[in-house]
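K.L.:
using only what follows, build the 3D model:
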Amino acid sequence: MKMKKLCCGIVLLAICIIKPVCAQDEYTRKADSIIAIMTLEEKIGQLNLPAAGDITTGQAASANIAEKIKAGQVGGLFNLKSAEKIRDVQRVAVEESRLKIPLLFGMDVIHGYESVFPIPLGMASSWDMELIEKSARIAAIEASADGINWTFSPMTDISRDPRWGRVSEGNGEDPYLGSQIAKAMVNGYQGDDLSAPNTIMACVKHFALYGAPEAGRDYHTVDMSRHRMYNEYFPPYQAAIDAGVGTVMTAFNEVDGIPASANKWLMTEVLRNQWGFDGFVVTDYTAINEMIDHGIGDLKEVSARALQAGVEMDMVGEGFLTTLPQSLEEGRITQKQIDDACRLILVAKYRLGLFDNPYQYADPERSKKDVYSNENRKVAREIASQTFVLLKNDDQILPLKKQGKIALVGPLGDNKENMTGTWSVAARVDEAISLREGLQNAIGNKAEIVYARGANVVADPALEARISIFGKNTHRDDRPAADMINEALEIAKDADVIIAAMGEAAEMSGEASSMTDITLPENQRDLLKALLKTGKPVIMVLFTGRPLALQWEEDHMPAILNVWFAGSEAGDAIADVLFGDINPSGKLTATFPRNVGQIPIYYNHKNTGRPLSEGEWFQKFRSNYLDVPNTPLYPFGYGLSYTTFEYGDIKLSHTELQGDQTLKASIELKNTGTYDGAEVVQLYIRDVVASVTRPVKELKGFQKINLQAGESRTVTFEITPNDLMFYDYDLEHVWEPGAFEIMIGGNSEELKTGKVDWKK
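P.N.:
Have a look, this model is predicted:
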């Protein structure tokens, strides 16, 4: 009998060797071997992702969550920080639970861990994929040393409405650029080997369309055509999937009348069937429970619908944990759906190497060496300096000389807590470098820095209280506004130059931080008006997490340097640029409107049947405004330098092509100024005639070119039919023959153009 069984085993093994298609993925087979011995409660437990709660070092066994971990009712935790705490909790899972299944540990590592980089909108402005990937790599090294093995990043939501606070967390308005950044971030976090102890699993979010809420109000309704979804909003999510991202997070909004977390078309048809995603889907914070308020059912109903749609893990809400057993008994869901969800989570844990070594991501010794190291902070400073966008620089007022007396004025001039920006949950905010500190570090004893606050961030104390949260104190001054302005004027009267540190506080953008007024707060503008009356040169250093409406500032300020929120090394990086040690090279990835009435405004819009004639400000019975031009204040791709660049005319390798031929488009770029500098050369294409309406132009390539003063270089782009593809009316991914305009330049408005006819 034993021999017979052995022979059967050999035969089965031989069959599997001859037909590899019969063999399951190694991790899937291992996961199935565990599922076979799991109880229903343990399977559903793997689908449960609570927040860490009250766990402290050495108290994991007595924490409120511990009993659930021991009972196998927890698949992972998030927002627990430090290698020691995570080791304590992991020990409970792998030593005190029945099946000893390790936990996932997640955190919102959005733009760095303790060494914080610029906010994502700022990082995108570098247009440097190598630096962006490097920032994610460093974040992964730091977070993994501290026990984190999963990050809820990158956020790839396209947004064209700066009223929406979470525009700060994204990469701007363009699907092509957003796709390149999505790939870079996933590669940086996950590396080549997800089981390596210094990589972490990424989570692309928020699927889908979260960046397009009505009225720019967070969590609000999203409604758009599928044609727009596929052509304009889906590409960055798909790019992350193509890059191998391990997990996907659902959005809070509805899509086609169904909340994303219950939307089977999104989670199964698009994500898995069309794009081939093989990881697991996690909801955003209590997103399942919130579908009750959307109006599609009670907790049992919405939990069942989420599982049926293709959601595997429930963040915080515990709808799965508390209702799925009854739904299974009633036949609303199937055992297979539970098993399939559980399998994907177990497979992710295998891929991370957690079954081989549950503690590999919690190494106190590595944490001491790798987290917030001098080297990482140095890189954070270098990267930050590449993200700043010089918006205006009349009469080359910048760069400044390290001499004389410099007056630093403004509510963000000496505020280190706000330098890291929103979603910097692991940051040492009280150790960040303020602008005042950075300036002092830069000049040493070569010049004198004098400082006055000059104004509060906003005049309204109630509003300021709402934004002074998460340890990011705005240090409100209760003196009368006039007294603060007079103090600023007093310290500025003997200064040679004034640096005005203005803009938003860190938490004026980010989640639940939507704004209807995106102009500079009036009390800050009053301070600027007073400073300008001194007759001294005033440079505005702008802190912001969103595009602002800066028409007054553009009209009156001689120089504006947009520094976003630059991270833990902000002050030193800003000083590097202000004093010319580094030449600014950032370019906008989101359009700056003239006023809020232009929103939504973005470069890759479509024509109407009555477009405004080129070069015209206003024409009656054309698509325009009575009061302001259609054009933005600062267009997509815009950014100045301390030097100047001159573009020659476009040279095309062909004026007619056929099929899969390659077109080469070249342009001569010359640094005509006196400083070495970098220019982001941008390629745009317009499909002139198509079966559906097409944008007036679309970004299809870019190169960041470093040139010494006086140096010239030919910049060449190769264009193939892949660059001409779009989703047609039937949502088929196609390219159509015809005329195309090829445009190259330094921003989306100042372009040199060539034309080509491309046949099938």
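K.L.:
next, count neighbours for G545.
P.N.:
29 (other C-beta atoms under 10 Å). Yep, even glycine has a C-beta here, placed from its N, CA and C like the rest.
K.L.:
right, I mislabeled it, should have said L489
P.N.:
Count around L489 with other C-beta under 10 Å applied: 19.
K.L.:
SS state for it?
P.N.:
helix (DSSP: H, G, I helix; E, B strand; the rest coil).
K.L.:
what pLDDT does it get?
P.N.:
Looking at L489, its pLDDT reads 98.
K.L.:
who's in contact with it?
P.N.:
Residues near L489 by C-beta atoms under 8 Å, 6 or more residues apart in numbering: 530-531, 534.
K.L.:
let's go with 7 Å and repeat that
P.N.:
Residues in contact with L489 (C-beta atoms under 7 Å, 6 or more residues apart in numbering) are 530, 534.
K.L.:
what distance do you get for it to F543?
P.N.:
22 Å (C-beta to C-beta, to the nearest Å).
K.L.:
kindly report the same for P600.
P.N.:
24 Å.
K.L.:
these two - which one has more neighbours?
P.N.:
F543 (28 against 15).
K.L.:
so what's that one closest to, chain neighbours aside?
P.N.:
Excluding the flanking residues, the one nearest F543 by C-beta to C-beta, 6 or more residues apart in numbering is G503, at 3.7 Å.
K.L.:
pull the number of nearby residues for that neighbour.
P.N.:
27.
K.L.:
is it true that it touches L412?
P.N.:
Yes - if you go by C-beta atoms under 7 Å, G503 and L412 touch, sitting 6.2 Å apart.
K.L.:
between the two, which contacts overlap?
P.N.:
What both G503 and L412 touch, as defined by C-beta under 7 Å, 6+ apart, is the set F543.
K.L.:
what sits against the residue nearest to F543?
P.N.:
412, 520, 542-544.
K.L.:
now with 8 Å?
P.N.:
412, 520, 524, 542-544, 548.
K.L.:
report the helix or strand with the lowest average pLDDT across this protein.
P.N.:
Within the chain, no helix or strand scores below helix 2-18, which has a mean of 34 by mean pLDDT, DSSP states H and E.
K.L.:
any idea which helix or strand comes after that helix?
P.N.:
helix 26-35 (DSSP states H and E).
K.L.:
what backbone torsions are found at A452?
P.N.:
phi -150, psi 150 (degrees, to the nearest 10).
K.L.:
separation between the closest residue in space to it that isn't next to it in sequence and L578?
P.N.:
In this structure, A452 finds its nearest non-sequential neighbour in A488, 4.2 Å apart by C-beta to C-beta, 6+ apart. In this view, A488 and L578 are 19 Å apart by C-beta to C-beta.
K.L.:
report the contact partners of the residue sitting nearest the centre point of the chain.
P.N.:
Taking C-alpha atoms, centre = their mean, the centroid of the chain lies closest to G170, which sits 3.3 Å from it. By C-beta under 8 Å, 6+ apart, the contact list for G170 reads 120-121, 124, 155-159, 178, 211.
K.L.:
so which of those wins on neighbours?
P.N.:
T156 (33 neighbours).
K.L.:
let me know the pLDDT of that residue.
P.N.:
For T156, the model assigns a pLDDT of 98.
K.L.:
host element of the residue nearest to it when sequence neighbours are not counted?
P.N.:
Spatial nearest neighbour of T156, excluding adjacent residues (C-beta to C-beta, 6+ apart): P236 at 3.6 Å. Element membership of P236, judged by DSSP H and E, is helix 235-242.
K.L.:
name the residues of that helix that come out as buried.
P.N.:
235-241 (16 or more other C-beta atoms under 10 Å).
K.L.:
still on that earlier bit, how close does the residue nearest to T156 get to F152?
P.N.:
16 Å.
K.L.:
give me the domain ranges for this protein.
P.N.:
Here the domain parsing of the chain from automatic domain parsing is 25-32+44-108+334-372, 381-598, 645-759.
K.L.:
can you pull out the helices in the stretch 1-150 of the chain?
P.N.:
Using DSSP state H, counting those that start in this stretch, the helices found in the stretch 1-150 of the chain span residues 2-18, 26-35, 40-45, 66-70, 83-96, 120-124, 129-145.
K.L.:
tell me which of those helices sits nearest to P558.
P.N.:
helix 120-124 (23.2 Å; C-beta to C-beta).
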